[in-house]
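Asks: I'd like to go over a predicted model; first the sequence, then the structure.
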Amino acid sequence: MGDNMKQRLDKLKANFKLNKKILIFLFGLLAIGFIFGTVFITMINSSDKELVKDYIKNYIDNVNNINYSKSLINSLINNLGFILIIWLLGISVIGIPLIIFIYFTKAFTLGFSISSFILNYKTKGCLYALIYVFPSQIINIIMYTILTLYSLTFSFKIIYSLLNKSNLNFKNLTGKYFKILLITIIITIISSLYDTFVIPNLLKKFV
């Protein structure tokens, strides 16, 4: 009884240390991706800047003519597809580099989007960026961070088990991992609904 308790405590400590290291790494990667995304727009050439400006301006100018059903479908396909890819990559041993890259691109895209609003609309762009980011994008980033954390942890545990030829309670591990998928899917659906129906109506008040 005492040995089993000690083994469980040791396992919990090991899991906590692993999660802590991965989380610190992800926060660092998030900061780097976001900063790089915000400054990247200053590095592209003039023609590319004009394309970005035209895209943002077209979105803002047509906020009153949005096809809500089409926008919702596109949002769900993109966001749910992203979640499923990361979740499936977590099951594979070779998915770690791709998971890290996808997470970096999410942080980069967020930073690039904010700087694009500001570039095109200056002071008012700060307001547009705030509407775009808060709260849905903040919630999405937190959700992506949690999902990426569990995906990387899942992969590392599989690798550790294979290298050390140790037993792994795959059924229990998969069950927890599947619950994370369900939670992220529910949050993603709510976030997509907010992005589709709330954000455009907020923008309408300021355009």
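Replies: On my side now, so go ahead.

Asks: for the residue nearest the centre of the chain, which non-adjacent residue is closest in space?
Replies: By Cα atoms, centre = their mean, the chain has its centre lying nearest to Y144, at 3.4 Å. Of all residues not flanking Y144 in the chain, K106 sits nearest, at 5.6 Å (Cβ to Cβ, 6 or more residues apart in numbering). Quick note: C-beta positions are derived from backbone N, CA and C, even for glycine.

Asks: quick one, what contacts the one you found?
Replies: Residues near K106 by Cβ atoms under 8 Å, 6 or more residues apart in numbering: 33, 82, 140-141, 144.

Asks: what about the one helix or strand it maps to, distance to the chain center?
Replies: Element membership for K106, per DSSP states H and E: helix 96-132. Offset of helix 96-132 from its chain centre (Cα atoms, centre = their mean, to the nearest Å): 12 Å.

Asks: mind listing what's buried along the helix or strand following that helix?
Replies: Downstream of helix 96-132, the next assigned helix or strand under DSSP H and E is helix 138-164. Residues of helix 138-164 classed as buried: 140-141, 143-158 (neighbour count, 16 or more other Cβ atoms under 10 Å).

Asks: centre of the chain versus helix 138-164, how much separation?
Replies: 13 Å.

Asks: so which elements touch that helix?
Replies: Here helix 138-164 touches helix 2-40, helix 68-91, helix 96-132, helix 170-193, going by 3 or more Cβ pairs under 8 Å, 6 or more residues apart in numbering; DSSP states H and E.

Asks: between helix 170-193 and it, find me the angle.
Replies: Going by axes from the mean of the first three to the mean of the last three Cα atoms, to 10 degrees, helix 138-164 is angled at 160 degrees with respect to helix 170-193.
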